[in-house]
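Enquirer: no letters, just coordinates:
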C-alpha cells in the first residue's frame, strides 16, 4: 500500500471498488433444505436437482451450497415487496417441479432438526473444498439454512453507515425469523439455534468500526496481504457490505418456513434503510457494539420474548425493554416510509406477529408436540414451504 500511495494513487481504489446501485432496492437469498420422503432426513441431491430446473434460464438463480443437502434460491432485484413475492412463487414452482423428479421435498427452517454433520457431503467446488480444508468439521457443521437480505446503496460510505446502523436491528431480524428450535434431535431451548453455529467461524461477528469506504478498504487490504482473507466472502459477519453488488447484506435470519414471510422480512429491511439513510439517527462510535452480544443472545434464546438493551448514546440515556415492544415502536414509525399498499401490508403482518409473539420456532414446537416425531414435523414443514395452505400469519 505504501508504494502506491507514494505515487499519488490510493491503493484502495484498486483493491475493493464499490459498485453503486439504486438506493433501497432489495433482493434476498434463501438457503433451503432438501429432504427425502422416507424419513425426512436431508437428501444429498442438490447437484441432481439443479439439472432438473426448468425453464433453464432460472438455473442462474438457483445455486449449490456448502453441502449437498442444501440449495440456494436467489431473487432478482426489486423495488417493491409484491413483485418479490411473485418472483419467489415462480422460483418455488421450478424447485417443486424439479424435486418431484427426484422424489424429494423442500423445506425452510434454520436447521434440520436431526441431521448429523458428519454425514453431510461437501459439494464439489474449488471454493467449498478450500473452505472444508481450512475450517475442518466446521464446514460440514455449516449445514444450516439462512435468509440473506441485500439492500442497495449508492456508494461505499453509505454502505458502511448502513452496515453499522443495521446492527441495532439484528435482534428484530433474529426474533422475527427464528425457525431452528431443534438441533441434533433435541430441543435446544433456543428460538434460533442456527445463530450459535454461525458464530463458530473466526471471521464471524461484526464489521470493524470504520466510517468511510476507504478505511474499510485499508482494513481489507491488510487482511488480504496477510493471507487471512481471499475475498469479501471470507467475512461471516452478521451484516457485511457487498461491493460487487452495491449492497449491504443482512445475514442473521433463519430461513423462514414460507416465502411470504421471507419477503416481509426483506420489506422490513428496505423500510429501515430508507429511514436510516434519510435521517441518520445514529452516531457510530467505538462503543456502538457494547451491548450487541447481549441483545443478539436474547433474540436467539428467547425470540420476541427476549430483552433489548440500549447503551446511553441518546438523550434518553440507557434503557432496557422487550424485543417485541422495541420492534413494535419501529414498525409504527416506519409507516411514514411506506410507498404502496404492499409495503403497508408487510408492516401489518409483522406487527401482528410482534403483537401475538408468533414465530416459526413456535409453530415447529407446536407441530412436534401434536405429531410426536421430528420426522412428521419436517413433512409438514416442507408442505408449508412448498405452498400447501400455510396458516394466516405466515402469508
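Expert: Thanks, I have the structure now. Here the structure is a predicted model, which means the values were calculated and not measured.

Enquirer: when you work out contacts or count neighbours from here on, use the C-alpha atoms and nothing else.
Expert: OK.

Enquirer: residues contacting the nearest residue to residue 184 once chain neighbours are set aside?
Expert: Distances taken as Cα to Cα, 6 or more residues apart in numbering put residue 114 closest to residue 184, at 4.5 Å, once the chain neighbours are dropped. Applying Cα atoms under 8 Å, 6 or more residues apart in numbering, we find residue 114 in contact with 41, 182, 183, 184, 185, 186, 374.

Enquirer: which of those residues are buried? Put it as a PyMOL command.
Expert: Buried members of the contacts of residue 114, defined by 16 or more other Cα atoms under 10 Å, are picked up in PyMOL with:
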select buried, resi 41+182+183+374
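
Enquirer: out of the contacts of residue 114, which two sit at the greatest distance?
Expert: For these, with distances taken as Cα to Cα, the pair at the greatest spread is 41 and 186 (14.7 Å).

Enquirer: show me where this structure has its strands.
Expert: Ranges of strands in the chain, per DSSP state E, are 26-36, 62-64, 70-74, 104-107, 146-152, 182-183, 186-187, 204-205, 236-237, 239-242, 247-254, 307-310, 319-322.

Enquirer: of these, which is nearest residue 170?
Expert: The nearest among the strands of the chain, by Cα to Cα, is strand 247-254 at 6.9 Å.

Enquirer: strands paired with that closest one, and their directions?
Expert: strand 146-152 (antiparallel), strand 239-242 (antiparallel) (DSSP bridges).

Enquirer: which other residues reach the first one?
Expert: Yep, that's strand 146-152 we're talking about. In contact with strand 146-152 (Cα under 8 Å, 6+ apart) are residues 21-32, 109-110, 245-256, 262, 266, 269-270, 273.

Enquirer: show the buried residues in those.
Expert: Buried subset of these (neighbour count, 16+ other Cα under 10 Å): 21, 23-32, 109-110, 245-256, 262, 266, 269-270, 273.

Enquirer: output the below-cut-off pLDDT ranges for the protein.
Expert: Scanning the chain for pLDDT under 70 picks out 1-14, 312-317, 389-395.

Enquirer: who does residue 70 form a beta bridge with?
Expert: Bridge pairing for residue 70 - DSSP bridges - gives residue 33.

Enquirer: what about it, how many residues nearby?
Expert: Here the number of neighbours of residue 70 (other Cα atoms under 10 Å) works out to 26.

Enquirer: surely it is in contact with residue 123?
Expert: No: using Cα atoms under 8 Å as the test, residue 70 is too far from residue 123 to be in contact (9.3 Å).

Enquirer: any common contacting residues for those two?
Expert: With Cα under 8 Å, 6+ apart as the test, residue 70 and residue 123 both reach residue 64.

Enquirer: could you find the closest non-adjacent residue to residue 383?
Expert: Nearest residue to residue 383, sequence neighbours excluded (Cα to Cα, 6+ apart): residue 107, at 7.5 Å.

Enquirer: and what of residue 152?
Expert: Using Cα to Cα, 6+ apart, the closest residue to residue 152 is residue 247 (4.4 Å).

Enquirer: ok, now which ones touch the one you found?
Expert: 21, 150, 151, 152, 153, 159, 241.

Enquirer: how about the helices in the stretch 51-200 of the chain?
Expert: Applying DSSP state H, counting those that start in this stretch to the stretch 51-200 of the chain gives helices spanning 81-102, 126-135, 137-141, 156-166, 170-177, 194-198.

Enquirer: show me what the fifth one is in contact with.
Expert: What that stands for is helix 170-177. With Cα under 8 Å, 6+ apart as the test, helix 170-177 has contacts from 191-192, 252-256, 265, 295-296, 298-300, 302-304, 308, 323-324, 327, 353-354, 359-360.
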